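[1] Using only what follows, build the 3D model:
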Amino acid sequence: MVHIAFVMDPIDSLSLKKDSTLAMIRAAQRRGWQPFYVQQADISLSGGEVLATMSSLRLTEPFVDKLDPNVAGEHWYELGEPERRPLAEMDVIFMRKDPPFDMNYIYTTYLLERVEEGGSLVVNKPASLRDCNEKFFATAFPQCCPPLIVSADEQELRDFHAAQGNTVFKKLDGMGGSSVFRVMASDPNIGVILETLTEGGKEPIMGQLYLPEISDGDKRILLIDGKPLPYALARIPKAGEARGNLAAGGTGVGRELTKRDRFIAEQLGPELSRRGLLWVGIDVIGDYLTEVNVTCPTCIRELDTQYSLDIAAMLMDEVAGRLPG
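    Numbers count the residues shown, from 1 in each chain. Next up is the predicted model:
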(Lines give C-alpha, C1' and ligand atoms only; values in the text may rest on other atoms or scores of the structure.)
Protein backbone atom coordinates (compact mmCIF):
# COMPACT_ATOMS: atom_id res chain seq x y z
CA MET A 1 0.00 0.00 0.00
CA VAL A 2 1.19 3.50 -0.82
CA HIS A 3 1.61 5.74 2.24
CA ILE A 4 1.05 9.42 1.45
CA ALA A 5 1.50 12.23 3.97
CA PHE A 6 -0.01 15.69 3.68
CA VAL A 7 1.84 18.46 5.50
CA MET A 8 -1.04 20.86 5.88
CA ASP A 9 -2.92 23.41 7.95
CA PRO A 10 -5.05 22.24 10.89
CA ILE A 11 -7.72 20.02 9.39
CA ASP A 12 -10.60 21.73 11.18
CA SER A 13 -9.59 25.05 9.58
CA LEU A 14 -10.14 23.80 6.02
CA SER A 15 -13.05 24.96 3.87
CA LEU A 16 -15.23 21.91 3.20
CA LYS A 17 -16.58 23.66 0.13
CA LYS A 18 -13.38 24.81 -1.56
CA ASP A 19 -10.23 23.25 -0.14
CA SER A 20 -8.04 21.58 -2.78
CA THR A 21 -6.06 19.50 -0.29
CA LEU A 22 -9.27 17.65 0.62
CA ALA A 23 -9.67 16.72 -3.04
CA MET A 24 -6.15 15.31 -3.04
CA ILE A 25 -6.76 13.31 0.14
CA ARG A 26 -9.95 11.95 -1.35
CA ALA A 27 -8.20 10.96 -4.59
CA ALA A 28 -5.48 9.13 -2.66
CA GLN A 29 -8.03 7.36 -0.47
CA ARG A 30 -10.01 6.25 -3.53
CA ARG A 31 -6.86 4.67 -4.98
CA GLY A 32 -6.53 2.52 -1.88
CA TRP A 33 -3.61 4.56 -0.59
CA GLN A 34 -3.28 5.45 3.08
CA PRO A 35 -3.24 9.21 3.74
CA PHE A 36 -1.53 10.64 6.82
CA TYR A 37 -2.05 14.01 8.48
CA VAL A 38 1.03 16.04 9.48
CA GLN A 39 1.46 19.61 10.66
CA GLN A 40 4.58 21.69 10.15
CA ALA A 41 5.46 21.97 13.82
CA ASP A 42 5.41 18.18 14.22
CA ILE A 43 8.43 17.56 11.96
CA SER A 44 11.94 17.44 13.40
CA LEU A 45 15.39 15.99 12.80
CA SER A 46 17.04 13.85 15.45
CA GLY A 47 19.98 11.50 15.18
CA GLY A 48 20.24 12.24 11.48
CA GLU A 49 16.64 11.13 10.86
CA VAL A 50 13.60 13.26 10.05
CA LEU A 51 10.70 12.32 12.30
CA ALA A 52 7.09 13.43 12.35
CA THR A 53 4.12 13.02 14.61
CA MET A 54 1.43 11.86 12.22
CA SER A 55 -2.03 10.33 12.24
CA SER A 56 -3.69 8.12 9.68
CA LEU A 57 -6.52 10.02 8.01
CA ARG A 58 -9.75 8.87 6.43
CA LEU A 59 -12.58 10.94 4.99
CA THR A 60 -15.86 9.36 6.00
CA GLU A 61 -19.02 8.56 4.06
CA PRO A 62 -20.93 10.25 2.58
CA PHE A 63 -18.55 13.25 2.47
CA VAL A 64 -15.83 11.34 0.62
CA ASP A 65 -18.22 10.54 -2.23
CA LYS A 66 -18.66 14.07 -3.59
CA LEU A 67 -16.93 16.32 -1.02
CA ASP A 68 -20.32 17.91 -0.47
CA PRO A 69 -20.27 20.06 2.69
CA ASN A 70 -24.04 19.66 2.98
CA VAL A 71 -23.61 15.98 3.80
CA ALA A 72 -20.35 16.27 5.75
CA GLY A 73 -21.93 15.98 9.17
CA GLU A 74 -20.04 16.52 12.39
CA HIS A 75 -17.62 13.63 11.86
CA TRP A 76 -16.48 14.03 8.26
CA TYR A 77 -13.02 12.63 8.92
CA GLU A 78 -11.34 10.11 11.20
CA LEU A 79 -7.83 10.39 12.59
CA GLY A 80 -5.83 7.52 14.01
CA GLU A 81 -3.76 7.81 17.16
CA PRO A 82 -0.78 10.12 16.67
CA GLU A 83 2.46 8.23 16.11
CA ARG A 84 6.05 9.44 16.11
CA ARG A 85 7.72 7.77 13.15
CA PRO A 86 10.32 8.40 10.42
CA LEU A 87 8.90 10.54 7.65
CA ALA A 88 10.95 8.44 5.22
CA GLU A 89 8.38 5.66 5.74
CA MET A 90 6.08 7.69 3.51
CA ASP A 91 6.21 6.95 -0.20
CA VAL A 92 4.85 10.41 -1.06
CA ILE A 93 4.74 13.69 0.85
CA PHE A 94 2.63 16.62 -0.28
CA MET A 95 3.68 20.02 1.06
CA ARG A 96 0.27 21.68 1.32
CA LYS A 97 0.91 24.24 4.05
CA ASP A 98 -0.56 27.59 3.07
CA PRO A 99 1.79 30.57 3.07
CA PRO A 100 3.02 32.84 4.60
CA PHE A 101 6.28 31.86 3.01
CA ASP A 102 8.38 32.67 6.06
CA MET A 103 11.50 31.19 7.66
CA ASN A 104 9.40 28.47 9.27
CA TYR A 105 8.25 27.41 5.79
CA ILE A 106 11.86 27.41 4.56
CA TYR A 107 13.02 25.32 7.51
CA THR A 108 10.32 22.78 6.68
CA THR A 109 11.65 22.53 3.13
CA TYR A 110 15.10 21.76 4.56
CA LEU A 111 13.62 18.90 6.55
CA LEU A 112 11.63 17.61 3.58
CA GLU A 113 14.75 17.76 1.43
CA ARG A 114 16.45 15.29 3.77
CA VAL A 115 13.49 12.94 3.37
CA GLU A 116 13.58 13.39 -0.39
CA GLU A 117 17.26 12.39 -0.40
CA GLY A 118 16.16 9.09 1.13
CA GLY A 119 13.87 8.29 -1.81
CA SER A 120 10.46 9.67 -0.87
CA LEU A 121 8.66 11.71 -3.53
CA VAL A 122 8.00 15.24 -2.26
CA VAL A 123 5.46 17.38 -4.13
CA ASN A 124 6.56 20.03 -4.88
CA LYS A 125 10.34 19.59 -4.80
CA PRO A 126 11.57 21.36 -1.64
CA ALA A 127 14.52 23.15 -3.29
CA SER A 128 12.21 24.54 -5.97
CA LEU A 129 9.71 25.73 -3.37
CA ARG A 130 12.54 27.84 -1.96
CA ASP A 131 13.95 28.98 -5.29
CA CYS A 132 10.78 29.93 -7.14
CA ASN A 133 9.27 32.98 -5.49
CA GLU A 134 5.72 33.13 -6.78
CA LYS A 135 5.96 36.74 -7.93
CA PHE A 136 9.60 36.90 -9.03
CA PHE A 137 9.77 33.51 -10.80
CA ALA A 138 7.45 34.87 -13.49
CA THR A 139 10.25 37.22 -14.57
CA ALA A 140 12.14 34.18 -15.93
CA PHE A 141 9.65 34.31 -18.81
CA PRO A 142 9.78 37.94 -20.00
CA GLN A 143 8.03 37.05 -23.26
CA CYS A 144 4.95 36.28 -21.15
CA CYS A 145 5.01 39.17 -18.67
CA PRO A 146 3.63 42.73 -18.70
CA PRO A 147 6.01 45.67 -18.16
CA LEU A 148 7.29 45.34 -14.60
CA ILE A 149 9.94 46.38 -12.12
CA VAL A 150 11.41 44.83 -8.97
CA SER A 151 13.14 47.33 -6.71
CA ALA A 152 13.35 48.75 -3.19
CA ASP A 153 14.33 52.20 -4.48
CA GLU A 154 11.45 54.65 -4.21
CA GLN A 155 12.66 56.84 -7.06
CA GLU A 156 13.00 53.89 -9.43
CA LEU A 157 9.50 52.79 -8.51
CA ARG A 158 8.17 56.32 -8.96
CA ASP A 159 9.83 56.55 -12.38
CA PHE A 160 8.21 53.26 -13.41
CA HIS A 161 4.85 54.55 -12.23
CA ALA A 162 5.34 57.83 -14.11
CA ALA A 163 6.18 55.95 -17.31
CA GLN A 164 3.35 53.41 -17.07
CA GLY A 165 0.63 55.46 -15.39
CA ASN A 166 -1.89 53.06 -13.93
CA THR A 167 0.25 50.60 -11.96
CA VAL A 168 -0.07 47.73 -9.48
CA PHE A 169 2.47 47.47 -6.66
CA LYS A 170 2.75 44.38 -4.47
CA LYS A 171 5.01 42.70 -1.96
CA LEU A 172 6.98 39.73 -3.25
CA ASP A 173 5.80 37.49 -0.42
CA GLY A 174 2.10 38.43 -0.41
CA MET A 175 -0.68 35.91 -0.91
CA GLY A 176 -4.40 35.90 -1.56
CA GLY A 177 -4.34 39.46 -2.87
CA SER A 178 -2.90 40.90 0.34
CA SER A 179 -0.69 44.01 0.09
CA VAL A 180 -1.66 44.65 -3.54
CA PHE A 181 -2.18 48.32 -4.42
CA ARG A 182 -3.50 49.79 -7.66
CA VAL A 183 -1.99 53.26 -8.03
CA MET A 184 -3.57 55.56 -10.59
CA ALA A 185 -1.51 58.03 -12.63
CA SER A 186 -2.11 61.00 -10.33
CA ASP A 187 -2.58 59.17 -7.02
CA PRO A 188 -1.27 61.40 -4.20
CA ASN A 189 -0.78 58.35 -1.95
CA ILE A 190 2.04 56.82 -3.99
CA GLY A 191 4.68 57.97 -1.52
CA VAL A 192 3.14 56.33 1.54
CA ILE A 193 2.24 53.21 -0.46
CA LEU A 194 5.83 52.73 -1.59
CA GLU A 195 7.23 53.55 1.85
CA THR A 196 4.93 51.00 3.45
CA LEU A 197 5.46 48.20 0.92
CA THR A 198 9.26 48.61 0.80
CA GLU A 199 9.49 49.15 4.56
CA GLY A 200 11.22 52.45 4.02
CA GLY A 201 13.34 51.33 1.09
CA LYS A 202 14.67 48.14 2.72
CA GLU A 203 12.64 45.48 0.89
CA PRO A 204 12.20 45.06 -2.89
CA ILE A 205 8.68 44.95 -4.23
CA MET A 206 7.16 44.39 -7.67
CA GLY A 207 5.44 46.95 -9.84
CA GLN A 208 3.42 45.89 -12.88
CA LEU A 209 1.46 47.74 -15.51
CA TYR A 210 -2.20 47.62 -14.48
CA LEU A 211 -4.08 45.32 -16.85
CA PRO A 212 -7.69 46.42 -17.37
CA GLU A 213 -8.51 42.89 -18.54
CA ILE A 214 -8.70 42.04 -14.83
CA SER A 215 -12.37 42.98 -15.12
CA ASP A 216 -12.80 39.84 -17.22
CA GLY A 217 -10.96 37.74 -14.65
CA ASP A 218 -7.58 36.81 -13.23
CA LYS A 219 -7.26 33.35 -14.75
CA ARG A 220 -5.81 30.48 -12.69
CA ILE A 221 -4.38 27.82 -15.01
CA LEU A 222 -3.42 24.53 -13.35
CA LEU A 223 -0.50 22.47 -14.66
CA ILE A 224 0.44 18.89 -13.81
CA ASP A 225 4.11 18.23 -14.57
CA GLY A 226 4.14 21.29 -16.82
CA LYS A 227 1.05 20.30 -18.80
CA PRO A 228 -1.98 22.61 -18.51
CA LEU A 229 -5.51 21.47 -17.91
CA PRO A 230 -7.85 22.57 -20.74
CA TYR A 231 -9.80 24.97 -18.52
CA ALA A 232 -8.89 27.97 -16.38
CA LEU A 233 -10.76 29.50 -13.47
CA ALA A 234 -11.30 33.20 -14.21
CA ARG A 235 -11.58 34.96 -10.87
CA ILE A 236 -13.80 37.99 -11.43
CA PRO A 237 -13.27 40.91 -9.02
CA LYS A 238 -16.22 42.02 -6.96
CA ALA A 239 -17.62 45.47 -7.68
CA GLY A 240 -15.18 48.26 -6.89
CA GLU A 241 -12.25 45.87 -6.44
CA ALA A 242 -9.08 45.55 -8.54
CA ARG A 243 -8.14 42.08 -7.25
CA GLY A 244 -9.70 38.90 -8.54
CA ASN A 245 -8.42 36.58 -5.80
CA LEU A 246 -11.14 34.39 -4.33
CA ALA A 247 -9.77 35.30 -0.90
CA ALA A 248 -10.47 38.95 -1.77
CA GLY A 249 -14.08 38.24 -2.72
CA GLY A 250 -13.65 37.30 -6.37
CA THR A 251 -16.04 34.93 -8.15
CA GLY A 252 -14.67 31.92 -10.04
CA VAL A 253 -15.94 31.29 -13.59
CA GLY A 254 -14.55 28.47 -15.75
CA ARG A 255 -13.09 29.30 -19.16
CA GLU A 256 -11.49 27.28 -21.92
CA LEU A 257 -7.82 28.11 -22.44
CA THR A 258 -7.13 30.62 -25.20
CA LYS A 259 -4.33 30.34 -27.74
CA ARG A 260 -2.30 32.82 -25.69
CA ASP A 261 -2.96 30.87 -22.47
CA ARG A 262 -1.58 27.75 -24.15
CA PHE A 263 1.45 29.67 -25.44
CA ILE A 264 2.26 30.85 -21.91
CA ALA A 265 1.85 27.33 -20.52
CA GLU A 266 4.13 25.98 -23.24
CA GLN A 267 6.82 28.52 -22.33
CA LEU A 268 6.74 27.51 -18.66
CA GLY A 269 6.03 23.79 -18.90
CA PRO A 270 9.52 22.38 -19.57
CA GLU A 271 11.11 24.50 -16.82
CA LEU A 272 8.45 23.55 -14.29
CA SER A 273 8.97 19.87 -15.07
CA ARG A 274 12.77 20.22 -14.89
CA ARG A 275 12.52 21.79 -11.45
CA GLY A 276 10.27 19.07 -10.05
CA LEU A 277 7.29 21.40 -9.79
CA LEU A 278 4.64 18.76 -10.33
CA TRP A 279 1.64 20.85 -9.24
CA VAL A 280 1.55 24.53 -10.24
CA GLY A 281 -1.06 27.23 -10.73
CA ILE A 282 -0.15 30.15 -12.98
CA ASP A 283 -2.07 33.41 -13.02
CA VAL A 284 -2.83 35.12 -16.33
CA ILE A 285 -4.57 38.46 -16.83
CA GLY A 286 -5.46 39.21 -20.43
CA ASP A 287 -2.41 38.14 -22.43
CA TYR A 288 0.09 38.29 -19.58
CA LEU A 289 1.55 36.00 -16.95
CA THR A 290 1.51 37.69 -13.53
CA GLU A 291 2.38 34.93 -11.02
CA VAL A 292 3.57 31.32 -10.80
CA ASN A 293 2.05 29.66 -7.72
CA VAL A 294 4.09 26.71 -6.47
CA THR A 295 3.54 26.57 -2.70
CA CYS A 296 -0.10 25.55 -2.33
CA PRO A 297 -2.04 26.05 -5.60
CA THR A 298 -5.82 25.84 -5.34
CA CYS A 299 -8.97 26.03 -7.53
CA ILE A 300 -9.38 22.25 -8.02
CA ARG A 301 -12.85 22.14 -6.52
CA GLU A 302 -14.28 25.02 -8.55
CA LEU A 303 -13.11 23.56 -11.88
CA ASP A 304 -14.20 20.05 -10.88
CA THR A 305 -17.70 21.34 -10.18
CA GLN A 306 -18.06 23.39 -13.35
CA TYR A 307 -16.64 20.81 -15.76
CA SER A 308 -17.36 17.46 -14.03
CA LEU A 309 -13.65 16.79 -13.64
CA ASP A 310 -11.56 14.98 -11.04
CA ILE A 311 -8.35 16.98 -11.20
CA ALA A 312 -6.89 15.51 -8.02
CA ALA A 313 -7.26 12.01 -9.52
CA MET A 314 -5.28 13.21 -12.56
CA LEU A 315 -2.58 14.49 -10.22
CA MET A 316 -2.45 11.19 -8.34
CA ASP A 317 -2.16 9.36 -11.67
CA GLU A 318 1.00 11.38 -12.31
CA VAL A 319 2.27 10.65 -8.81
CA ALA A 320 1.59 6.92 -9.22
CA GLY A 321 3.62 6.88 -12.40
CA ARG A 322 6.66 8.13 -10.46
CA LEU A 323 6.57 5.49 -7.76
CA PRO A 324 8.81 2.40 -7.97
CA GLY A 325 7.22 -0.83 -9.09
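[2] these two touch, right, L303 and I221?
    No: the criterion here is Cβ atoms under 8 Å, and L303 misses it with I221 at 10.1 Å. To be clear about C-beta, it is placed using only N, CA and C from the backbone, and glycine gets the same treatment.
[3] Now for these two: what residues contact both?
    Listed contacts common to L303 and I221 are L229; contacts here mean Cβ atoms under 8 Å, 6 or more residues apart in numbering.
[4] mind showing which ranges of the chain have poor pLDDT?
    240-248 (pLDDT under 70).
[5] hmm, back to that, who has more neighbours out of L303 and I221?
    Shown here are L303 and I221; by other Cβ atoms under 10 Å, I221 has more neighbours (26 against 21).
[6] got a list of what that one touches?
    Applying Cβ under 8 Å, 6+ apart, we find I221 in contact with 228-229, 232, 257, 261, 264-265, 281-284.
[7] Distance from the chain centre to stretch 37-48, please.
    Relative to the chain's own centre, stretch 37-48 is displaced by 22 Å; criterion: Cα atoms, centre = their mean, to the nearest Å.
[8] Tell me the buried residues in that stretch?
    37-40, 42-43 (16 or more other Cβ atoms under 10 Å).
[9] before we move on, what about stretch 310-321?
    Of the residues in stretch 310-321, 311-316, 319 count as buried by neighbour count, 16+ other Cβ under 10 Å.
[10] Show me what it is in contact with.
    Contacts of stretch 310-321 with the rest of the structure, by Cβ under 8 Å, 6+ apart, involve 2, 4, 20, 23-24, 26-28, 30-31, 33, 92, 121, 123, 222, 224-225, 229, 278-279, 300, 303-304.
[11] let's see it at 10 Å
    2, 4, 20-31, 33, 67, 91-92, 94, 121, 123, 222, 224-225, 227, 229, 231, 278-279, 299-301, 303-304 (Cβ atoms under 10 Å, 6 or more residues apart in numbering).
[12] could you flag which of those are buried?
    When those are checked for burial by 16+ other Cβ under 10 Å, the buried set is 2, 4, 20-29, 31, 33, 67, 91-92, 94, 121, 123, 222, 224-225, 229, 231, 278-279, 299-301, 303-304.
[13] one step back: got the buried residues of stretch 310-321 as TSV, with distance to L148 columns?
    TSV is the format used below for the buried residues of stretch 310-321 (distance: Cβ to Cβ, whole Å):
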residue	distance to L148
I311	30
A312	33
A313	36
M314	32
L315	30
M316	36
V319	34
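[14] which among these gets closest to A140?
    Proximity of these to A140 (Cβ to Cβ) peaks at L315, which lies at 23.7 Å.
[15] Show me the contacts of stretch 310-321 that map onto helices.
    Under the assignment DSSP state H, the contacts of stretch 310-321 contribute 20-30, 300-301, 303-304 to helices.
[16] what's the most distant pair in those residues?
    The span of the ones in helices among the contacts of stretch 310-321, defined through Cβ to Cβ, is set by Q29 and L303 at 20.3 Å.
[17] Please enumerate the helices of this protein.
    20-30, 63-66, 103-117, 126-131, 154-164, 190-197, 259-274, 300-307, 311-320.
[18] Is there a neighbour count for the residue lying closest to G73 once chain neighbours are set aside? I'd like the number.
    Leaving aside its sequence neighbours, G73 sits nearest to F63 (Cβ to Cβ, 6 or more residues apart in numbering; 7.1 Å). For F63, the neighbour count with other Cβ under 10 Å is 20.
[19] Check the one 10 residues further on too.
    Residue crowding around G73 was assessed by other Cβ under 10 Å; the count is 11.
[20] is it true that Q143 touches I264?
    Yes: when contacts are counted by Cβ atoms under 10 Å, Q143 is listed as touching I264 (8.8 Å).
[21] ok so, going back, which one of the buried residues of stretch 310-321 is nearest to L87?
    Taking these together and measuring to L87 by Cβ to Cβ, the closest member is V319, at 16.8 Å.
[22] Look up how far G73 lies from the closest one.
    According to Cβ to Cβ, to the nearest Å, V319 stands 29 Å off from G73.
[23] Please spell out which residues along stretch 152-160 are buried.
    Using 16+ other Cβ under 10 Å as the test for burial, stretch 152-160 gives 152, 154, 157, 160.
[24] Turn the residues you listed into TSV, including distance to L209.
    Formatted as TSV, those follow (distance: Cβ to Cβ, whole Å):
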residue	distance to L209
A152	20
E154	19
L157	13
F160	9
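[25] residues contacting D287?
    Contact partners of D287, counting by Cβ under 10 Å, 6+ apart, are 144, 146, 211, 213, 258-261, 263-264.
[26] out of those residues, which are buried?
    Among the contacts of D287, those classed as buried by 16+ other Cβ under 10 Å are 144, 146, 211, 261, 264.
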